[in-house]
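Sequence isn't available, so here's the structure alone:
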């Protein structure tokens, strides 16, 4: 157990939502399935819909996959364009994985299930952030056929993984890249930022193209073992180290309780949120829609901001622009029960 260094490899958890339309400078990054991001490089073209999907390989015990549906094509990539799916592992998780990563005779094995609507050749890239080293391996898919891709990645004397909570190893599934970044050797580490080999297809070339991905696993050793299926609760707990949210859509009451704290004056209160699990680092706040404050008799719209005295295991939220509070009075901070209202904390890599 606990051999898979990938979090949410079975694509179970989607706290932010189950679908998003993504294009350059629009909804890039983490938008749907937790710990997975979609990225355009250097103003690449095309639009995709990324979603959690129920198309899965038969008999392997999966219920979900990561689906990429090309909705607007880019038929002529510029030389510096690239498009990819990404997942990043903390550096300390790689440093303490048991991999003797500076030894070329020591391996970690990446495996995943992929399905394409067309015959295609794509590449994955492993990016060592601390050392600036890159490993590229190509793989081929047959149209409408699930395939388990598996490859052992050797160590290299130049690799570095700091024992900290920063970016350690990025796993990127490359969907398109221009001529500036498609000159990598197949199955080799190098110091040049090459995302793919020259055989890499432009998967965004047609609106008929659909890709599914699931069962992503990175483990110590030279052989891929059966995918480590973890419970939804276990994966959600791991994901909350990086992101968590409170939404009125999650409650049958129409609102969600976020925190409780004392009034500081007639117009503000401080609410404590204790974080379990601890987040990777001091989180940032996102408020979409409207929050409300309630003191037992007075319910009103309010603003909220993270107070400066915050850490990765609790946050102090300042609730302001209200009236009718009193010092020491209990004040509850909740999502408004109309519309879509989300309060989120993020410590993503």
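Thanks, I have it. Keep in mind the model is a prediction, meaning the values are calculated, not measured.

When you work out contacts or count neighbours from here on, use the C-alpha atoms and nothing else.
Will do.

what residue ranges in the protein score low on pLDDT?
The chain contains residues with pLDDT under 70 at 309.

Where do the helices of it begin and end?
In the chain, the helices defined using DSSP state H lie at 91-95, 232-239.

Adding mean neighbour count and distance to residue 272, write those helices out as a markdown table.
As requested, those are exported to a markdown table (neighbours: other CA atoms under 10 Å; distance: least, CA to CA, whole Å):
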| stretch | mean neighbour count | distance to residue 272 |
| --- | --- | --- |
| helix 91-95 | 20 | 29 |
| helix 232-239 | 16 | 20 |
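
Including distance to residue 169, could the ones you listed go into a markdown table?
Output for these, formatted as a markdown table (distance: least, CA to CA, whole Å):
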| stretch | distance to residue 169 |
| --- | --- |
| helix 91-95 | 7 |
| helix 232-239 | 17 |
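
Select, out of those, the one closest to residue 28.
Closest to residue 28 of the helices of the chain, according to CA to CA: helix 232-239, at 18.7 Å.

Compare the helices of the chain and report which one is nearest to residue 111.
Nearest of these to residue 111, taken as CA to CA: helix 91-95 at 16.6 Å.

so what secondary structure elements neighbour the closest one?
Counting by 3 or more CA pairs under 8 Å, 6 or more residues apart in numbering; DSSP states H and E, the packing neighbours recorded for helix 91-95 are strand 167-177.

In this model residue 89 seems to touch residue 164, though I could be wrong.
No - if you go by CA atoms under 8 Å, residue 164 and residue 89 don't touch, sitting 11.2 Å apart.

Please say which of these two ends up with more neighbours.
The residue with more neighbours, out of residue 164 and residue 89, is residue 89; 20 against 13, by other CA atoms under 10 Å.

I'd like to check which residues are in contact with that one.
Remark: with contacts taken as CA atoms under 8 Å, 6 or more residues apart in numbering, residue 89 is in contact with 5, 6, 167, 168, 169, 170.

Show the buried residues in the residues you listed.
When the contacts of residue 89 are checked for burial by 16 or more other CA atoms under 10 Å, the buried set is 5, 6, 167, 168, 169, 170.

Going by distance to residue 58, which of those residues wins?
residue 6 (21.7 Å).

ok, the closest one to residue 292 distance?
Distance, residue 6 to residue 292, by CA to CA, to the nearest Å: 37 Å.

Repeat that for residue 63.
37 Å.

Likewise for residue 19?
Plainly put, residue 19 is 27 Å away from residue 292 if you go by CA to CA.

With residue 344 instead?
Note on residue 344: its distance to residue 292, by CA to CA, is 15 Å.

What of residue 11?
Taking CA to CA as the measure, residue 11 falls 33 Å from residue 292.

next one: residue 235
Separation of residue 235 from residue 292 (CA to CA): 30 Å.

can I assume residue 326 is in contact with residue 265?
Yes - with contacts defined as CA under 8 Å, residue 326 counts as touching residue 265 at a distance of 5.3 Å.

Give the burial count for the closest residue to residue 21 other than its chain neighbours, as a bare number.
Using CA to CA, 6 or more residues apart in numbering and skipping the chain neighbours, the partner closest in space to residue 21 is residue 49 (4.3 Å). When neighbours are counted by other CA under 10 Å, residue 49 registers 16.

In the stretch 201-349 of the chain, mark out all the strands, start to finish.
Using DSSP state E, counting those that start in this stretch, the strands found in the stretch 201-349 of the chain span residues 210-220, 243-247, 257-262, 269-274, 284-288, 291-294, 299-306, 314-320, 330-335, 342-346.

As TSV, the ones you listed with distance to residue 114 and mean neighbour count would be great.
Shown next, in TSV, are the strands of the stretch 201-349 of the chain (distance: least, CA to CA, whole Å; neighbours: other CA atoms under 10 Å):
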stretch	distance to residue 114	mean neighbour count
strand 210-220	5	24
strand 243-247	26	21
strand 257-262	38	18
strand 269-274	39	21
strand 284-288	33	15
strand 291-294	41	23
strand 299-306	41	18
strand 314-320	39	22
strand 330-335	39	24
strand 342-346	29	20
